[in-house]
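> Got a predicted structure plus its sequence, pasted below:
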Amino acid sequence: GENVEQHPSTLSVQEGDSAVIKCTYSDSASNYFPWYKQELGKGPQLIIDIRSNVGEKKDQRIAVTLNKTAKHFSLHITETQPEDSAVYFCAASTYNDMRFGAGTRLTVKP
Amino acid sequence: DTAVSQTPKYLVTQMGNDKSIKCEQNLGHDTMYWYKQDSKKFLKIMFSYNNKELIINETVPNRFSPKSPDKAHLNLHINSLELGDSAVYFCASSTGLGNQHFGDGTRLSIL
């Protein structure tokens, strides 16, 4: 089955700096790669996603890159703000089966 | 309107009891899921149903029994609760290959 590894487990940055979270996956059949943000007491919420036929996608301060050959994908957050502080999860999915990384706790210090 | 709603939000009970968690989605999705999130925040898939049929059943003790009366509902019944069952349980739904929409979780505490 799919195995998703996520690094780092914790990340602390100064407000305004960039944050990068990296994930690798094992199943070459995975073709959908979402990123979720989980705030305290809430369920994970999608922030950006990428499909296997695309190498890069950007949405304002958030970008995701995908290298299918190397089976890794990354989340980039620029100009971080204190409200970006949360736990972030990457995931790799085939039809009806999504597997999550272990999560990264991001802290943005004002 | 809440897209994926689960009840109750908090559940505190004694070891050995039987309890149920309910989940409903109003997004018209065909697939629903149950996840367990432990104290280290790891999200582990437990079950997945597509059009009321079980499609994923991970290595979960058979004390856990999901039930899907229709496409919009997926309930989780847990028998003989144990201390290790303490966790946050999330319900989610999706169209299959796409974003999963999560409920806000049910925090289960076993005394």
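The structure has been received and is ready for your questions.

> which residues does the closest residue to residue B:98 other than its chain neighbours contact?
Sequence neighbours aside, residue A:32 is the residue nearest to residue B:98 in space, at 7.0 Å (criterion: CB to CB, 6 or more residues apart in numbering or on different chains). (Glycine included, C-beta is placed from N, CA and C.) With contact set as CB atoms under 8 Å, 6 or more residues apart in numbering or on different chains, residue A:32 has these partners: A:49, A:50, A:51, A:52, A:92, A:93, A:94, A:98, B:97, B:98.

> So what sits opposite residue A:32 in the bridge?
Under the criterion DSSP bridges, residue A:32 forms beta bridges with residue A:51, residue A:93.

> In JSON lines, list the contacts of residue A:32 along with neighbour count, distance to residue A:83 and pLDDT.
Converted to JSON lines, these look like this (neighbours: other CB atoms under 10 Å in any protein chain shown; distance: CB to CB, whole Å; pLDDT from 0 to 100):
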{"residue": "A:49", "neighbour count": "18", "distance to residue A:83": "21", "pLDDT": "96"}
{"residue": "A:50", "neighbour count": "20", "distance to residue A:83": "23", "pLDDT": "95"}
{"residue": "A:51", "neighbour count": "14", "distance to residue A:83": "28", "pLDDT": "92"}
{"residue": "A:52", "neighbour count": "15", "distance to residue A:83": "31", "pLDDT": "87"}
{"residue": "A:92", "neighbour count": "26", "distance to residue A:83": "27", "pLDDT": "95"}
{"residue": "A:93", "neighbour count": "27", "distance to residue A:83": "27", "pLDDT": "92"}
{"residue": "A:94", "neighbour count": "16", "distance to residue A:83": "33", "pLDDT": "88"}
{"residue": "A:98", "neighbour count": "29", "distance to residue A:83": "26", "pLDDT": "89"}
{"residue": "B:97", "neighbour count": "15", "distance to residue A:83": "30", "pLDDT": "76"}
{"residue": "B:98", "neighbour count": "17", "distance to residue A:83": "26", "pLDDT": "83"}
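
> So which residue is dead centre in chain B?
residue B:34 (3.4 Å; CA atoms, centre = their mean).

> if I pick that one, what's in contact with it?
Contacts of residue B:34 by CB under 8 Å, 6+ apart are B:23, B:45, B:46, B:47, B:48, B:66, B:74, B:76, B:89, B:90, B:91.

> Could you single out the nearest of these to residue A:2?
residue B:45 (10.1 Å; CB to CB).
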